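Novice: what follows is a protein structure lacking sequence information:
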């Protein structure tokens, strides 16, 4: 790809509204590539710009490595990737961004840890949809093993509560010799998380699970 074609890409990008960080990262990458090409004794027209524009999601540009680019599939025909993206297509895009877009907020805990998307899903939304099915209302994508990749058998549609119980950083608490997740104890006590935190700090252990009628100050409720 010649520098002149890259300039055309820049012009097109300017016309599309996107997040400042995403555009800045893309622009920096383009400038570096152009600079490298201009300092070469000859420009290899077969040398491609190492990023590809994958559309936008909520106003943010999706710039993924060439190896993460998905070829055209039937998603457009099926109505998933039009002006109003389907929940399944949105989840697929976000999954790839978490693993391959360094400007993504959650990249450090996904791609930054070596988490990848399997080839079957990385290059085909249709395969992803076939394996996962439609996204149930109130659920989003969740990896069963948080140290595993996005691949069949390790991904499910889960509620926020289910995902909260499946976090790597989940806190465990032992009460009366029994160990459970902190969120489980909160539900057993029937109070808000902030109120339960208050109880742990101010009350003796034998009172932590008392009914809500005996809760701490109301200002600690959510």
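Specialist: All right, it came through fine. Note that this is a predicted model, so its numbers are computed, not measured. Numbering: from 1, shown residues only.

Novice: give me the domain ranges for the protein.
Specialist: 1-52, 70-162, 172-220 (automatic domain parsing).

Novice: now do the strands in the protein.
Specialist: Ranges of strands in the chain, per DSSP state E, are 51-57, 60-65, 140-143, 155-158, 172-175, 178-181.

Novice: adjacent strands (with direction) for the third one?
Specialist: Strand 140-143 pairs in its sheet with strand 155-158 (antiparallel), by DSSP bridges.

Novice: how close does residue 102 get to residue 112?
Specialist: Distance of residue 102 to residue 112, computed by C-beta to C-beta, to the nearest Å: 8 Å. C-betas here are computed from N, CA, C, even on glycine.

Novice: now do residue 87
Specialist: Noted for residue 87: a distance of 26 Å to residue 112, by C-beta to C-beta.

Novice: repeat for residue 212
Specialist: Taking C-beta to C-beta, one finds residue 212 at 41 Å from residue 112.

Novice: please apply the same query to residue 204.
Specialist: Distance, residue 204 to residue 112, by C-beta to C-beta: 42 Å.

Novice: more neighbours, the two?
Specialist: residue 112 (13 against 7; other C-beta atoms under 10 Å).

Novice: list the contacts for that one?
Specialist: Applying C-beta atoms under 8 Å, 6 or more residues apart in numbering to residue 112 gives the contacts residue 102.

Novice: one more time with 10 Å, if that's ok
Specialist: Residues near residue 112 by C-beta atoms under 10 Å, 6 or more residues apart in numbering: 98-99, 102, 104, 106.

Novice: cool, and residue 131?
Specialist: Neighbour list for residue 131: 118, 120-121, 151-153, 155 [criterion: C-beta under 10 Å, 6+ apart].

Novice: now, of those residues, which are buried?
Specialist: Among the contacts of residue 131, the ones that count as buried by 16 or more other C-beta atoms under 10 Å are 118, 121, 151, 155.

Novice: test my guess that the first one contacts residue 152.
Specialist: Yes: with contact defined as C-beta atoms under 10 Å, residue 118 reaches residue 152; the gap is 7.3 Å.
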